[in-house]
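Visitor: got a sequence here, can you build the structure:
(4 chains, ligands or ions: 4)
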Amino acid sequence: MLQILTPSGALLTEEPPLSLDLTRRLYRAMVQARVYDHKGSALQRQGRLATYAPFEGQEAAQVGSAAALEPTDWMAGTYRDAAAMWMQGYPMELLLAGRTGDERGGSPPVGVPVLPPSITVGGHMVHAVGLAWGSRLRGENRIAITYFGDGATSEGDFHEAMNFAAVFEVGCVFLCQNNGWAISLPVERQTRSESIAEKAIAYGMPGVLVDGNDVFAVYQATAAAVERARAGEGPTLIEAVTYRIGPHTTADDPGRYRSTDEAEEWKRRDPLERVRIYLSERDEWSPEWQEELEEAAADEVDRAVTAAEALVAFDAADIFSGMYADLPEHLLAQQSEAAGE
Amino acid sequence: MLQILTPSGALLTEEPPLSLDLTRRLYRAMVQARVYDHKGSALQRQGRLATYAPFEGQEAAQVGSAAALEPTDWMAGTYRDAAAMWMQGYPMELLLAGRTGDERGGSPPVGVPVLPPSITVGGHMVHAVGLAWGSRLRGENRIAITYFGDGATSEGDFHEAMNFAAVFEVGCVFLCQNNGWAISLPVERQTRSESIAEKAIAYGMPGVLVDGNDVFAVYQATAAAVERARAGEGPTLIEAVTYRIGPHTTADDPGRYRSTDEAEEWKRRDPLERVRIYLSERDEWSPEWQEELEEAAADEVDRAVTAAEALVAFDAADIFSGMYADLPEHLLAQQSEAAGE
Amino acid sequence: MSVLTVAGALNQALGQALDKYQEAVLIGEDVGQTGGVFRVSDGLLGRFGAERVIDTPVAESGIVGVALGMAMAGLRPIVEIQFMGFSYPAYDQIVSHVSRIRNRSRHRFTAPMVIRLPYGGGIGAAEHHSESMEAVYAHVPGLKVVVPSTPYDAKGLLLAAVEDPDPVIFCEPIRLYRAIKEEVPEEWYTTPLGSARVEREGSDVTLISWGAMMKETREAAERLAAGGVEAEVIDLRSLVPLDSQTVFESVVTTGRVVVVHEAPRTGGFGAELAAQIQENCLDSLLAPILRVTGWDTIFPLKRSEHHYLPSPERIVAAVEATLEV
Amino acid sequence: MSVLTVAGALNQALGQALDKYQEAVLIGEDVGQTGGVFRVSDGLLGRFGAERVIDTPVAESGIVGVALGMAMAGLRPIVEIQFMGFSYPAYDQIVSHVSRIRNRSRHRFTAPMVIRLPYGGGIGAAEHHSESMEAVYAHVPGLKVVVPSTPYDAKGLLLAAVEDPDPVIFCEPIRLYRAIKEEVPEEWYTTPLGSARVEREGSDVTLISWGAMMKETREAAERLAAGGVEAEVIDLRSLVPLDSQTVFESVVTTGRVVVVHEAPRTGGFGAELAAQIQENCLDSLLAPILRVTGWDTIFPLKRSEHHYLPSPERIVAAVEATLEV
Ligand SMILES: Cc1ncc(C[n+]2csc(CCOP(=O)(O)OP(=O)(O)O)c2C)c(N)n1
Ligand SMILES: Cc1ncc(C[n+]2csc(CCOP(=O)(O)OP(=O)(O)O)c2C)c(N)n1
Ligand SMILES: [Mg+2]
Ligand SMILES: [Mg+2]
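Guide: Ligands and ions are numbered 1, 2, ... in the order given. Modelled structure (predicted):
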């Protein structure tokens, strides 16, 4: 398992893979993610968001991997991948709008190469393969990354996506956040393979196992996979080993299936803390800076929440208007009927 | 790749894995298969069978593996697995009846633990897993074997079947006949894995690569997998490397996608010939015996064809009567309507 | 007798089915340890153990296909797919194999299994969690399709489905899981598949619905009664087999029909009802049969659900339209 | 102009589509090297190369899902699934993603793609090779569903489907691939999706059908004419969008309707037609709308196909029944 920065902040390589500057930027992004995540659960409790899927503990896996992309690279992630998505340009307010139950949350601005979060488990990986392949056929220099969980590896579509990507040497990076659980099923009962990374062998594809809580390791592994993809050498599977500290969603009660010890144990491998120590030891972190970051992060989330909540609710006609480029007659008639005309 | 008997009939182990007696029986079964197969294509040309899927070249893979089973073990194979199926008790006349386009071909006698041949690619492997698992829950000492092709390994259902079997340690043997082709797609473009056997790693399952034209090797590998399954130690994937000498079906024209050289090359690795040499060198084969076998085989096929063709065609009411245990009213009404009542 | 919700009645029925049939198993994602995302199988893992209450990997096609294999081996699997919207990955197994193995093998192998599909909207869920696609199962020969709307029927229909020798698609209205309570007998009883229930008698118009939409239909009937219009309300309970007789008998008396369903209109099961009614009762029809349905759109997210779901108002308006003819 | 079969017209259309749209690709099992199991894409690999005519592994969900990704990246994929019966493994991709990506992203990502499904029985094929399940696609909001029955329309509708900015399920009647020939213009032309074709005028009864069943319907109309009954014959060509207007106009004149389809009766698209016709033309109906359809059974194997497929005799008998009312 690739590890570069230990939980106690020690560097295992001679040279760090990232400049201090970039390290600070990624740390900032992880703080942003942590603040967003806590706020998400809080807003759900207040009834302002529908069910929310927390990702505390997975910040490094998302931030480290997304940081290795070019701005035009495609991304297809899940309901739990907010940080990766906004790093690739998906506006935070749209992610929140989606969670308030507004379709406009699925519509990033033109130029943002990120699909709306996948709600079905497993179905979006084939799309990422098609996006990268399609761009290659168009002569564009774009690769794709797709995020998914340990549970998703059991779906048939995972298999078909991996196989297509390998057979056609598609520039697609498969980034599995193995967070230990798929709702109540632990990964040991999801699969008997030694690791998820090892599943790559079945497709003749490189598989890389990384400490998913080590932003350096995740960045380095992803950068290598992205380079390989961009060079036309085909796909890579990366397994980022991490842990879902919170419940599956705000509707879930982890007490039914796991002990709190487990989460406590994983909190000692926190992805933020090790970077904090690393920066701090190099005089690049201070309590004041931390406060500054947290405040800025909270402001950003507040701004996004305000923007999301400012969206005027759809009227009845709007639920029709996204259905086709041109509404056929029967839908126009239903639209009038719905609008009470 | 496990090989015990070379194409020229040389034994690579000190002791043969099978007695001479059993070897003679398996040779007889392979002759039966070859005769059946040629007859199948001929009957189709005469318009007496619907499309027929030849399996010349794959006799050892089917006969060697089926020989390793107990009579109560479950079997779920495909349209190309006639020899395996009748070895496990499926009456030859029913396989032929199916090919004449008669539903009764799908209905083996009670006690024959063989599903009707799967026509969809990939869908039946999960059934084999369920059969073995179900029997285990019922306390029966039965395992299952499922036959499928190289093409089927690309379907999502292959993945799900393998994963379920591994996770729940189901006594299921996955026997892939890699015959080089899925209609017009060569196996090199079906997958990028080094072998199909290697795909087992993705499920934490043993994977075994055998010379599929070597009946000794196939028998030995299957016997080991069956033993493992029966001992409750879980599933095994076996890749039997072989070749489809004929067309995909009688409707197919292989000239469109492969050279005849390839088939000629494979004919030199014929599964029957090497056993013939082996037996002959031990004075267990003679031209007279060969003639006897071929005649008996032809008689058996003729008998089966006669029986299949003797089935009186369904009348209209019969196409309803297989639908439910008790036909609901709307079907009874339709049945009368169809019968012109 | 105890007073139970739909979820409670289903839980009791599942327990009794596992009790009575040693060969019954419950299989699905998160059905064991957590008791299912809707807690419908709460407590069953503890009572029956992990051999019979099986938490599976996330693979719907595998779940259904493996359960079919179990059924052919002599078990009586009860499958839970977490939401109807996640049954589509299993559509091939259901349509190509579950519904066909009996006919394919001329009764030699059968599929005595139940596939439970929580369905329908109105709980502000994410996309794919609010599907009402019962029609794409009702069109498949070899299946039965059942939809309870009350705690009493939920138990009776589920036990009948478990007893049934053929595969049953069992649609559970999510919105009603805990919305209503009623007395449910402790003992084993079955509600026959293929018998509709006339929930309310009336002679002015026939309202036909099933599942979650029974609530709105019932409410509409009450409002109509307040205005002096007596609606007969039929809860189909089972789409396949369909109790056409009960429907026709009502239509012959009322001459006016409104069908209510949550599914999109085009090709919804309401079309089948209209087709059968006009074929059998044309002379009795005083007005066209109207359909009050979900629109031919994707089921909207939380903020717009109310624009989609048929409301008592829409039902009343449709009835008034048929009365004007 | 050349005289072409349906297969020939489709082949020409595919070639022209790949010619005109640099972003068009053809993707499926055996579509390249062999030209497809029905040879509909014969010669296209040679003309357009393996980058644009793509032979895939055996994985229908993957084919459709990857094609959707390509579509979102700006391509215009034309997918071939070998037989409609093998589209069910891709049902989830079609229903959950292809049909929805436009609405999910409010037009930001779209699926301008065609999914070609050879369908229908009558060629003595094995199980799963004779499906007519167009209704399970017609019920899915966001899709269009098209079924040509002649060489001319096959080309025109396919080119319209390729031009269409939304996903089109394109059902190709296997039995008619080589059964009829007619003159087909060389140049690019489109037949608008959502316009039915009145193939024969008549005032006594309206016969409505589509795809393969047009052959039997046409034959029935001829036999009826011989007996002095003038049937108006409508080829729907497109189920979604549906040209209801053309249907209603005919029904208003004839007052009698027989719908013919090969799919099972319950929940088939004939039900939707009956529902719409009675809703809009009840006063004009002189007799119940009858449906002549496949039975609610599995499509039988070769020896029994004739028991299942609607025949001209059954259509004529239904017409006679409506005339007796
Ligand atoms: C096709 C499908 N099946 C089931 C579900 C219900 N479901 C939502 S999340 C989830 C678990 C996914 O686990 P994993 O892939 O590990 O991702 P994580 O939630 O841990 O991030 C399940 C079963 C779904 N959304 N889609
Ligand atoms: C689900 C499905 N997709 C496609 C087909 C059409 N088809 C029939 S056989 C075949 C190739 C299968 O190849 P393989 O698994 O290698 O088996 P083989 O025919 O070589 O024995 C295909 C694509 C099918 N029957 N079922
Ligand atoms: Mg997980
Ligand atoms: Mg093969």
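Visitor: grab the nearest non-local neighbour of residue A:30.
Guide: Distances taken as CB to CB, 6 or more residues apart in numbering or on different chains put residue A:59 closest to residue A:30, at 4.2 Å, once the chain neighbours are dropped. C-beta here means a position set from N, CA and C on the backbone, and glycine is covered the same way.
Visitor: isn't that neighbour up against residue A:34?
Guide: Yes. In this structure, residue A:59 is within contact of residue A:34 by CB atoms under 8 Å, at 6.1 Å.
Visitor: what comes up buried for the lengthiest helix in chain A?
Guide: Looking across chain A with DSSP state H, the single longest helix is helix A:20-45. For helix A:20-45, the neighbour count (16 or more other CB atoms under 10 Å in any protein chain shown) marks A:23-24, A:26-41, A:43-44 as buried.
Visitor: tell me the first helix or strand C-terminal of it.
Guide: Proceeding N to C from helix A:20-45, the next assigned helix or strand is helix A:59-66, under DSSP states H and E.
Visitor: is that following helix anywhere near ligand 1?
Guide: No. Helix A:59-66 does not reach ligand 1 (CB under 6 Å from any ligand atom); its nearest approach is 10.5 Å.
Visitor: show me what that helix is packed up against.
Guide: helix A:20-45, helix A:82-87, strand A:144-149, strand A:172-178, helix A:215-230, strand A:236-241, helix A:271-281 (3 or more CB pairs under 8 Å, 6 or more residues apart in numbering or on different chains; DSSP states H and E).
Visitor: rewinding a little: distance check, the residue nearest to residue A:30 against residue D:145.
Guide: Relative to residue D:145, residue A:59 is positioned 45 Å away (CB to CB, to the nearest Å).
Visitor: do residue C:9 as well
Guide: 39 Å.
Visitor: and for residue A:278?
Guide: 58 Å.
Visitor: if you count what's nearby, which of those two comes out ahead?
Guide: residue D:145 (29 against 23; other CB atoms under 10 Å in any protein chain shown).
Visitor: from what I see, that one and residue D:239 are in contact.
Guide: Yes. Residue D:145 lies in contact with residue D:239 (CB under 8 Å); the separation is 4.4 Å.
Visitor: what touches both of these two?
Guide: Residues touching both residue D:145 and residue D:239 by CB atoms under 8 Å, 6 or more residues apart in numbering or on different chains: D:134, D:138.
Visitor: the closest residue to chain D within the stretch 101-250 of chain C and residue D:141: what is the separation?
Guide: As assessed by CB to the nearest CB, chain D sits closest to residue C:139 within the stretch 101-250 of chain C, at 3.5 Å. Going from residue C:139 to residue D:141 by CB to CB gives 16 Å.
Visitor: kindly report the same for residue C:59.
Guide: From residue C:59 to residue D:141 the distance is 27 Å (CB to CB).
Visitor: those two: which is more packed in?
Guide: Remark: of residue C:59 and residue D:141, residue C:59 carries more neighbours, 34 against 22, as counted by other CB under 10 Å.
Visitor: pull the CA atoms of stretch C:316-325 into CSV?
Guide: Provided in CSV are the C-alpha atoms of stretch C:316-325 (Å, rounded to 0.1, in the frame of the first residue of the first chain):
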residue,chain,number,x,y,z
VAL,C,316,-62.3,15.2,-8.1
ALA,C,317,-61.8,17.4,-11.2
ALA,C,318,-61.7,14.3,-13.4
VAL,C,319,-64.8,12.9,-11.8
GLU,C,320,-66.6,16.2,-12.4
ALA,C,321,-65.5,16.1,-16.0
THR,C,322,-67.0,12.7,-16.5
LEU,C,323,-70.2,13.7,-14.8
GLU,C,324,-70.6,16.6,-17.1
VAL,C,325,-70.8,14.4,-20.2
